[in-house]
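Undergrad: Take a look and give me a structure for this.
(one chain, ligands or ions: 1)
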Amino acid sequence: MWLSNSSVGRKFVMALTGAFLVIFVTFHCLMNSIAIVWPAAYNSVCEFLGANWYALLASAVLAVFILIHIIYAVMLTLQNRKARGNDRYAITRKPKTVEWSSQNMLVLGIVILAFLVVHMIQFWAKMQLAEIAGTEGIIPPAAGTLFLQEAFSLVWTPIVYIIGFIALWFHMNHGFWSMFQSIGWDNNVWIARFKTIACWWSTIVVLLFIAQAIVFSVRAHEEYYKTDPALREQYKEMLVPMIEKDFGPDAAQIAQSFEMMPYEQLSPLVKNQADQLEQQLNNPEAMAYFNSTPQGKEQLENMRRLGEGFGKMSNFFKYLEANDPQPEVPGMPGMQPANR
Ligand code: HEM
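TA: Sure thing, here's the model as predicted:
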């Protein structure tokens, strides 16, 4: 087949998949920029791009393009080495006209791939994958800003990301204009123009990514994504689907009342309810009483569901409030409430 057997065909596939990846990276960068100016809107985008069929389809297509791009890159490198045979190292001084990045596209690609592995573990695995697999942790998968909080509160994250972004700059800058050459557009005037566009494009995208890494790190260290009142209201709304899943027959009513209650009121109420239910479920006398009749058993089952639902929500609120200044017990200066 021409696309896999001939060198021109392989370069064409690299150019096509590369063009797609440039578009993806540009969109991704613009989408992340929303999180700088309007974090709540960023969460809405994350919710929209959750485990819906269209988002899953887009992710699958993206994964296939990344895979093809990698496989063809390895094939082309091996083919070039074979063509040069033992003379690969014969010339140690490269001609000045050959750019450094063009010699190192494979290595740059490997650095980007390593960055991607870390990146997927920190975000995609906890968001889209967790939603499909039903392995959500304490944070709702749509709460993108809380995953920013988790990732960028680690000191090494911005360092690893910025190394990845620099490799991306070199890789994208070279790949961008050379893809036009690969598809046969190699007139000198146009290649010079494509080089200028490539440089501007990659620089803007990478500077935006670097700005994001800096802003997210500063905000994560300030615990902004956990403590901002408007974001807390939004996180509370995200619990409604969970309530509908966990709370059994009473779900609709409970979900509605929770939605209406402001975060500051709901949080202590839920934590209190969770503690009370836990106490009851751990009380052997109460258990014996409930287990003695069929109606009691039914009541107990209902209580277990409620206990589980309230427990999850209570843990989530405790996570959000873990570093809040501890409120004092009224009338007792210096004393904090025990149950947080
Ligand atoms: C500050 C920088 C970045 C942030 C904050 C960020 C954030 C995110 C988030 C939140 C997701 C998960 C979306 C979801 O599963 O719903 C994601 C997915 C992804 N990111 Fe990034 N990203 C950054 C940079 C990059 C860069 C530079 C690349 C590529 C070189 C990249 C490639 C990807 C890919 C391939 C996915 C999976 C997309 C999918 O499954 O549809 N990201 N990113």
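Undergrad: how about the CA coordinates for stretch 42-53, as PDB?
TA: Output in PDB follows, covering the C-alpha atoms of stretch 42-53 (Å, rounded to 0.1, in the frame of the first residue of the first chain):
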ATOM      1  CA  TYR A  42     -14.000  25.600  32.500                       C
ATOM      2  CA  ASN A  43     -15.800  23.100  34.700                       C
ATOM      3  CA  SER A  44     -18.900  23.300  32.500                       C
ATOM      4  CA  VAL A  45     -16.700  22.500  29.500                       C
ATOM      5  CA  CYS A  46     -15.200  19.500  31.400                       C
ATOM      6  CA  GLU A  47     -18.800  18.400  32.200                       C
ATOM      7  CA  PHE A  48     -19.800  18.700  28.500                       C
ATOM      8  CA  LEU A  49     -16.700  16.700  27.500                       C
ATOM      9  CA  GLY A  50     -17.200  13.900  30.100                       C
ATOM     10  CA  ALA A  51     -18.300  10.400  29.100                       C
ATOM     11  CA  ASN A  52     -20.800  11.400  26.400                       C
ATOM     12  CA  TRP A  53     -20.700   9.500  23.100                       C
END
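Undergrad: Give me the buried stretch members for that stretch, please.
TA: By 16 or more other Cβ atoms under 10 Å, the buried positions in stretch 42-53 come out as 42, 43, 46, 47, 49, 50, 51. Yep, even glycine has a C-beta here, placed from its N, CA and C like the rest.
Undergrad: Return the distance of it from the chain's centre.
TA: 11 Å (Cα atoms, centre = their mean, to the nearest Å).
Undergrad: for stretch 44-58, same thing?
TA: On Cα atoms, centre = their mean, the centre of stretch 44-58 falls 12 Å from the chain's centre.
Undergrad: hang on, the earlier thing: could you list which of the buried residues of stretch 42-53 also contact the ligand?
TA: Here is what survives when the buried residues of stretch 42-53 are matched to the ligand using Cβ under 6 Å from any ligand atom: 46, 49.
Undergrad: Of the buried residues of stretch 42-53, which belong to strands?
TA: Judged by DSSP state E, strands contain none of those.
Undergrad: Summarise which helices and strands the helix or strand hosting residue 301 is packed against.
TA: Residue 301 belongs to helix 294-321 when elements are defined using DSSP states H and E. Here helix 294-321 touches helix 224-227, helix 229-238, helix 240-246, helix 263-281, helix 284-291, going by 3 or more Cβ pairs under 8 Å, 6 or more residues apart in numbering; DSSP states H and E.
Undergrad: Skipping its backbone neighbours, what lies nearest the residue in the stretch 151-300 of the chain positioned nearest to the ligand in space?
TA: Going by Cβ to the nearest ligand atom, the ligand is nearest to residue 212 of the stretch 151-300 of the chain, at 4.0 Å. Using Cβ to Cβ, 6 or more residues apart in numbering and skipping the chain neighbours, the partner closest in space to residue 212 is residue 32 (5.0 Å).
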